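Peer 1: pasting the sequence and the predicted coordinates here, then a few questions.
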Amino acid sequence: MLDIIGSYVTESVGNCGRFARFQMRTAAASVSACFSVRSYPLIWTQMLSIGVRSVPVVMVTGAFVGMVLAMQAYDQLAGLGMEEYLGALINVSVVKELGPVLAAVMLAGRVGGALTAELGTMNVTEQITAVRSIGTDPVKYLVAPRLLACLLLTPFLIIYADFMGIFGGYIISVLHFGINKQAYWNFSANGVEMWDVNIGIIKGFFFGAAIAGVSCYKGFHCKEGAHGVGQACTEAFVGSFILILAIDFVLVVIFKAIYATFWPLRMMV
Amino acid sequence: MKDLKVSKEIKNYDGLIVLRNLTKKFGSNMVLDDVSLAIEKGKTTVIIGPSGCGKTVLIKHLILLLRPTLGEIYFKNRRIDNLSESALATVRMNYGFLFQGAALFDSLSVYENVAFPIQQHKKILSQKQVDEVVKNKLAMVGLDGYQDYYPANLSGGQKKRVALARAISLNPEVILYDEPTTGLDPIRSDIINELILKLQRELNITTVVVTHDMKSAYKIADRIIMLHNGKIIVDGSPDEIRDHPFPIVQQFINGQVSEKDLASLRLGHIVEN
């Protein structure tokens, strides 16, 4: 029994160390790639496949988030005679929390799965070893462009998700439930601050880095064969999902503390 | 194994690549056991041995794609096993490596595959010069005109030839071949053998080949080394190997299963290696 626990602990600590070392190498390679003109076409290509091609699914996700929120929240607010507040409720929830998190989860599935499968296949067919044998750093050539593309474009994709979430909420609230359009937008404008929108967008940078970091790590360290690649894809999605939720929690705590600190100062100004 | 003379002496300390007392373990599994070897410049050294004896692990150590558990590796009298990955990049530019499965980048065209090492390392070349180098290298392997093809559209033999063109694109001093003829029919295997000889002859490249194809080994080798259970058991010219008295060598080169293994098979036991 002690043997099993011991080997499990040793393996887990080893995996954490490998993950941390990989992320440090990736961070260093990404900084170096930012200053290397030869890396720009690689980053551009990844931006196309990771960012541009994700726009439709992220927009659909955002739209449904807004519509579902409106459907769920209407009854409660209508019961209190406060249905015109629906705009504020939906839009704060979408831009601050649900839009960024659900868009990131969608990206973890679409982009993360593709990254792990692509790099995992390259790993088991020795293409990554071939890159090393040529004297090129595979982390710089393969991982850094993907990380930078995810990091830079996830916030923009979150803006798309937010926009569609707001639009979806509006369609259901105003066109389906017949809430007064003017009142809906007035309460929305009063309820949503620029701070709320910014929080959602800032979260995007962290979520993008988490998706690329976990997915590329799993691709680089996947086991042999089709089963190994499949297992790596599953682990990458689960790992990214949990990391997104954990990062979200940490960021909420931090932003709340920042807001509580600076809110009285703003009132004074 | 008592009757086998295990080679611990390095025959030539002035070799282009020298391995000293190399040991490699994966967990508790000993794959290479105190191997010492010097690869001579301009010669073709062929490493033979049964599947799982450590041939691929050995050839990957020559270019430091694997790090030794114990022992030292020298390239041109400079120790390289203690270098960082970034420092090794410069050393690896002197090598070309042909992988067992070709390992072509499947998202890149044939042109992009062959141009990849040039674009990564030769910063001054213009596009026209790169085009010319790629054309020349593909012509050397008989595949000029295939620049726009993708690896998925090539046969196994063509993939290996493109991988060979990629391996020589930086004009390396050493080419390492990992099972170059595996999975190819006899005619395509012979094409690869002829290419290995041609490159060695025309470019005076130091060549190391890992194979268990004895026909190929006899055709291309200046020197043959046999690995068995992670140790070098025989080191000599093709003629010396052909007439070697060790039964284990004769069994391997003639493709004969031993009486002991045969008896196990008849009894339904699984034979290792």
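Peer 2: Here it is on my side, so go on.
Peer 1: every contact and neighbour count from this point should use C-alpha atoms.
Peer 2: Fine.
Peer 1: from the stretch 1-150 of chain A, which residue is nearest to chain B?
Peer 2: residue A:135 (3.9 Å; Cα to the nearest Cα).
Peer 1: can you classify that residue by secondary structure?
Peer 2: Here residue A:135 takes the coil state, with states given by DSSP: H, G, I helix; E, B strand; the rest coil.
Peer 1: give me the below-cutoff pLDDT ranges for the stretch 51-200 of chain B.
Peer 2: Counting by pLDDT under 70, the ranges of the stretch 51-200 of chain B that qualify are B:123-124.
Peer 1: mind listing the helices for it?
Peer 2: Counting by DSSP state H, counting those that start in this stretch, one finds helices in the stretch 51-200 of chain B at the ranges B:55-62, B:85-92, B:110-121, B:127-140, B:156-167, B:186-203.
Peer 1: before we move on, the earlier item: list the contacts for the residue of the stretch 1-150 of chain A closest to chain B?
Peer 2: Counting by Cα atoms under 8 Å, 6 or more residues apart in numbering or on different chains, residue A:135 touches B:88-93.
Peer 1: who's in contact with the nearest residue to it once chain neighbours are set aside?
Peer 2: Nearest non-adjacent residue to residue A:135, counting by Cα to Cα, 6 or more residues apart in numbering or on different chains: residue B:89, 3.9 Å away. For residue B:89, the set of contacting residues under the criterion of Cα under 8 Å, 6+ apart consists of A:132, A:134-137.
Peer 1: the stretch 51-200 of chain A against chain B: which residues are in contact?
Peer 2: For the stretch 51-200 of chain A, the contact set with chain B under Cα under 8 Å from any Cα of the partner chain comprises A:122, A:125-127, A:129-130, A:132-137.
Peer 1: now for residue A:189, how many residues are close by?
Peer 2: With neighbours defined by other Cα atoms under 10 Å in any protein chain shown, the count for residue A:189 comes to 15.
Peer 1: no wait, residue B:254
Peer 2: Using other Cα under 10 Å: residue B:254 sits among 11 other residues.
Peer 1: quick check: residue A:131 vs residue A:237, distance?
Peer 2: According to Cα to Cα, to the nearest Å, residue A:131 and residue A:237 sit 26 Å apart.
Peer 1: ignore the last one, residue B:69
Peer 2: Using Cα to Cα, residue B:69 is found at 34 Å from residue A:237.
Peer 1: the two: which has the busier surroundings?
Peer 2: Just comparing residue B:69 and residue A:237: by other Cα under 10 Å the higher neighbour count belongs to residue A:237, 25 against 13.
Peer 1: surely that one touches residue A:110?
Peer 2: No - under the criterion of Cα atoms under 8 Å, residue A:237 lies out of contact with residue A:110, with a separation of 9.3 Å.
Peer 1: residue boundaries of the strands in chain B?
Peer 2: For chain B, strands defined by DSSP state E occupy the ranges B:17-26, B:29-39, B:44-48, B:70-75, B:78-79, B:95-98, B:174-178, B:206-210, B:223-228, B:231-236.
Peer 1: residue A:157 is nearest to which of those strands?
Peer 2: strand B:95-98 (41.5 Å; Cα to Cα).
Peer 1: from the contact counts, what lies against the closest one?
Peer 2: Here strand B:95-98 is seen to pack against helix A:127-133, helix B:156-167, strand B:174-178 when contacts are counted using 3 or more Cα pairs under 8 Å, 6 or more residues apart in numbering or on different chains; DSSP states H and E.
Peer 1: got a list of contacts for the last one?
Peer 2: The set of residues that contact strand B:174-178 without belonging to it, under Cα under 8 Å, 6+ apart, is B:56, B:59, B:94-100, B:167-168, B:205-211.
Peer 1: can you check the first one too?
Peer 2: Contacts of helix A:127-133 from elsewhere in the structure, counted by Cα under 8 Å, 6+ apart, are A:122-123, A:137-138, B:63, B:65, B:89, B:92, B:95-97, B:99, B:103-105.
Peer 1: and the contacts of whichever helix or strand comes after it?
Peer 2: Beyond helix A:127-133 on the C-terminal side, the first helix or strand identified by DSSP states H and E is helix A:138. The list of residues contacting helix A:138 from outside it, by Cα under 8 Å, 6+ apart, reads A:128, A:131-132.
Peer 1: redo that, cut-off 10 Å
Peer 2: Residues outside helix A:138 that contact it (Cα atoms under 10 Å, 6 or more residues apart in numbering or on different chains): A:26, A:29, A:127-132, A:144, A:220.
Peer 1: gap between it and the chain center?
Peer 2: Between the centre of helix A:138 and the centre of its chain there are 24 Å (Cα atoms, centre = their mean, to the nearest Å).
Peer 1: repeat for stretch A:38-52
Peer 2: In terms of Cα atoms, centre = their mean, the gap separating the centre of stretch A:38-52 from the centre of its chain is 18 Å.
Peer 1: mind saving the C-alpha coords of it as CSV?
Peer 2: In CSV, the C-alpha atoms belonging to stretch A:38-52 read as follows (Å, rounded to 0.1, in the frame of the first residue of the first chain):
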residue,chain,number,x,y,z
ARG,A,38,11.1,34.8,-38.5
SER,A,39,8.4,33.8,-36.0
TYR,A,40,5.8,36.2,-37.2
PRO,A,41,4.5,34.1,-40.1
LEU,A,42,4.2,31.1,-37.7
ILE,A,43,2.2,33.2,-35.2
TRP,A,44,0.1,34.6,-38.1
THR,A,45,-0.8,31.1,-39.3
GLN,A,46,-1.7,30.0,-35.8
MET,A,47,-3.8,33.1,-35.3
LEU,A,48,-5.8,32.1,-38.4
SER,A,49,-6.5,28.6,-37.3
ILE,A,50,-6.9,29.3,-33.5
GLY,A,51,-8.5,32.7,-33.6
VAL,A,52,-10.3,33.4,-36.9
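Peer 1: which residues does the helix or strand hosting residue A:190 contact?
Peer 2: Assigning secondary structure by DSSP H and E places residue A:190 in helix A:181-191. For helix A:181-191, the surrounding residues in contact (Cα under 10 Å, 6+ apart) are A:83-92, A:166, A:170, A:173-175.
Peer 1: buried members of those residues into PyMOL, please.
Peer 2: Selecting only the buried members of these in PyMOL, with burial defined as 16 or more other Cα atoms under 10 Å in any protein chain shown, works like this:
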select buried, chain A and resi 83+84+85+86+87+88+89+90+91+92+166+170+173+174
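Peer 1: widest-spaced pair of the contacts of helix A:181-191?
Peer 2: Farthest-apart pair in those is A:92 and A:175; separation 20.0 Å (Cα to Cα).
Peer 1: hmm, back to that, out of the strands of chain B, which comes closest to residue A:242?
Peer 2: Nearest of the strands of chain B to residue A:242, taken as Cα to Cα: strand B:17-26 at 32.1 Å.
Peer 1: mind listing what's buried along the closest one?
Peer 2: Burial within strand B:17-26, assessed by neighbour count using 16+ other Cα under 10 Å, is assigned to B:17-24.
Peer 1: what packs against it?
Peer 2: With contacts defined as 3 or more Cα pairs under 10 Å, 6 or more residues apart in numbering or on different chains; DSSP states H and E, the secondary structure elements packing on strand B:17-26 are strand B:29-39, helix B:55-62, strand B:70-75, strand B:78-79.
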